[in-house]
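A.B. asks: Sequence plus predicted model, see below.
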Amino acid sequence: MMTRAAIVVCWVMAIALALFLLAPLLVIAAASFSPTPVFDLPLTGASTRWYGKIGRLDGFWPSLLLSLQIALLSTAISLVSGTLAAIAIARGKLPGAGVFATALVSPLMMPGLVLGIALLQGFRAVGFTAPWATLLVAHLVITLPYVARTMISGLARFDFTLIEAARTLGCTYPGSVLRVMVPALAPSFLIAGIFSFLASFDNYPVSIFLADVRTKTLPIRMLQYIEEAPDPTLAALSTLILAGTVILLFVSDRVVGLHRMAGTSD
Amino acid sequence: MSESSPHLVVRGVSKRYGPTNVLDHIDLTIRRGELVTLLGPSGCGKTTLLRAIAGLAQPDAGKVELAGRDITNVPPHKRNVGVVFQSYALFPHLTVAGNVAFGLKVRGMAKREIDTAVERALSLVQLGHLASRRISALSGGQQQRVALARAIAVEPDVLLFDEALSALDRKLREEMQVELRRLLQEVKATAIFVTHDQDEALTMSDRVAVMNKGRIEQLAEPRELYLRPASLFALNFVGLSTRIAGTVLAADRGKVDVQTKIGRLSALGNFQAGSPVIVAARPEQLRISERGEANSAAGRVRSVVFQGSRTLVEVDAGAGESLLAELSGRDGTIPRVHDEIRLSWPVTETFAFPMEAQA
């Protein structure tokens, strides 16, 4: 029974891989409840005191606020401009649409470090140095490819005859877009938004080149904490971010289905 | 409005895309309750004409009137037309009932009236039991019916079908043709079908408009279209025929004598002596006979194709010309390949068309 053996091997591999990927996250979650400043297994009890300390971390709130601002704003701008660009690429008779699409998505394939240095040099060269604004523009470069890629594939599956059908049924043109195109593309919007938000929120390699002492995003601040005082407060914070992400994914799975997010099927 | 008064009038409608005349001064008048097919090869302008009637394509010139109203410059959402698209264009985020209700909701109809109308439309297409299904859970034939129900539900002044049956497989398509015609007659709908399928055109319509290069070549009832094609194009596009090239020898009151490579033939038509023409006849007019009456030609049987109720016999008449005869079982013996036979056919069923019009 060669095939049965192969199936068993595959399953063992899959489970081992999943454990390997999840184990560090579980350790972080466990460490966040550690009663002592030094994390040690087995746990001798549980405590939530590290969670209470998160808010008292030096510079935590400004960094969280900054990261949320940059992530939300860059996602919003990317959603609008990325969707418009995707429509032009998927629908219009744009000459060189393929080249344009590749260029739009190319930052995805660029190492963050290279992108960061390039942006820093570029911004300096044109005298654009305001940290908050440079961060936002840099994060647009990071988030736009996620939105563009998702919306191009979403639009490629969208049948524009639907809009004509809605119009003949009594809808104005804007009404048709609103009643037919937007709901049909809602899953794509949601997926693009989530990916874009997460890509911006946890970006380190690009942000590090553009941040200054007063303008530090949360990932930069967290790395600084771990250098200064490696106690379970950071584990607690990481666990919270993890929980937030899980909730986000769970909700969107309820709404559109994770298999669509992974792009593995309709 | 009476049954025979014009319901949809297309006057001199033209449309160009770049250098191509997609529609070339189209005139078309359709009566209330009439089922008309626009038949032609791809690129003949039939879909553009349909879109011009629906308001999805703006003609460069001409007028469109529907139910006594000039709608030339009326946007599609105010035209009160129903369109069934080739891809069905059903809304994937709505249920079957949601799709059918769409047009009624947009019109701001009360919820209770919408429910009644949706129920009625779905029962017309026999899909009442699938009202709460998702579109993706339906078969192609069922989706087609939903598209039809959605178009009918808004009680449009005219129903437009853009190759609506072409995505179905052959058997289902033939069933739908008959069912659709019955249904449309039942609800007294005025409808225009666009198709390149001659069987669909002959089955579904009261009148057929054969279109070619942006013009209507012939607008006639299916029977007349088949028996009296107005042009070589119409003859070729609908049904089979024997076609032989020749030159007019003599003309006399709607009849011409034509010299062809296989002998002298007589045909109906008005031509001057010396004109190059194509002489044509439908295959069921050709009979095996030894008599020299009417038109006749001899040759060797090249192929015999049995098609159930009929048998198609192709005869090599020499000089590169061939004859096509349709013989039914009642005609006695069916010849075999390589048999030498003589076929004859009546002059009154022989047409002559100008040679240069050949597409």
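C.D. replies: Received, thanks. Since the model is a prediction, treat every value here as computed from it, not as a measurement. Residues are numbered from 1 along each chain as shown, chains lettered A, B, ... in the order given.

A.B. asks: Assign B:L265 to helix, strand or coil.
C.D. replies: strand (DSSP: H, G, I helix; E, B strand; the rest coil).

A.B. asks: and it, how many neighbours?
C.D. replies: Neighbours of B:L265 under the rule other CB atoms under 10 Å in any protein chain shown: 23. Placement of C-beta: from N, CA and C, glycine included.

A.B. asks: residue boundaries of the helices in the chain?
C.D. replies: I'll assume chain A. A:2-32, A:49-54, A:60-90, A:97-105, A:112-125, A:131-156, A:161-168, A:173-176, A:182-201, A:207-210, A:218-228, A:233-255, A:258-261 (DSSP state H).

A.B. asks: you looked at the wrong chain, it should be chain B
C.D. replies: B:46-54, B:96-106, B:111-124, B:140-153, B:170-186, B:198-204, B:222-227, B:232-237.

A.B. asks: State the number of residues packed around B:L225.
C.D. replies: Residues near B:L225, counting by other CB under 10 Å: 27.

A.B. asks: Skipping its backbone neighbours, what lies nearest it in space?
C.D. replies: B:V208 (5.3 Å; CB to CB, 6 or more residues apart in numbering or on different chains).

A.B. asks: Now do the contacts for that neighbour.
C.D. replies: B:36-37, B:39, B:201-202, B:218-222, B:225, B:238 (CB atoms under 8 Å, 6 or more residues apart in numbering or on different chains).

A.B. asks: Name only those of those residues that count as buried.
C.D. replies: The neighbour count (16 or more other CB atoms under 10 Å in any protein chain shown) marks B:36-37, B:39, B:201-202, B:218-220, B:222, B:225, B:238 as buried among those.

A.B. asks: Pull up the gap between the closest residue to B:E340 other than its chain neighbours and B:Q272, please.
C.D. replies: Distances taken as CB to CB, 6+ apart place B:R300 nearest to B:E340, at 5.6 Å, with adjacent residues excluded. According to CB to CB, to the nearest Å, B:R300 stands 35 Å off from B:Q272.

A.B. asks: Compare neighbour counts for these two and give me the winner.
C.D. replies: B:R300 (14 against 8).

A.B. asks: which strand residues sit across from that one in the sheet?
C.D. replies: B:D316, B:E340 (DSSP bridges).

A.B. asks: My read is that it contacts B:V315, right?
C.D. replies: Yes - at 6.9 Å, B:R300 counts as touching B:V315 under the criterion of CB atoms under 8 Å.

A.B. asks: who in the stretch 101-250 of chain A is up against chain B?
C.D. replies: A:159, A:161-162, A:164-173, A:175, A:179-180, A:183-184, A:186 (CB under 8 Å from any CB of the partner chain).

A.B. asks: List buried residues within these.
C.D. replies: Using 16+ other CB under 10 Å, the buried ones in these are A:159, A:161-162, A:164-172, A:179-180, A:184.

A.B. asks: Tell me which residue lies nearest the centroid of chain A.
C.D. replies: A:L198 (2.1 Å; CA atoms, centre = their mean).

A.B. asks: Quick check: that residue touching A:L242?
C.D. replies: No - at 11.7 Å, A:L198 and A:L242 do not qualify as touching, with contact defined as CB under 8 Å.

A.B. asks: picking up where we left off before, for B:N80, state which of the buried ones among the contacts of B:V208 is nearest.
C.D. replies: For those, the residue nearest B:N80 by CB to CB is B:V36; the value is 18.0 Å.

A.B. asks: Just list whatever residues bridge to the closest one.
C.D. replies: B:I192, B:R207.

A.B. asks: ok, it to B:K46 distance?
C.D. replies: 11 Å.

A.B. asks: got it, and B:R79?
C.D. replies: Counting by CB to CB, the gap from B:R79 to B:K46 is 19 Å.

A.B. asks: pLDDT weak spots in the stretch 51-200 of chain B?
C.D. replies: Applying pLDDT under 70 to the stretch 51-200 of chain B flags no residue at all.
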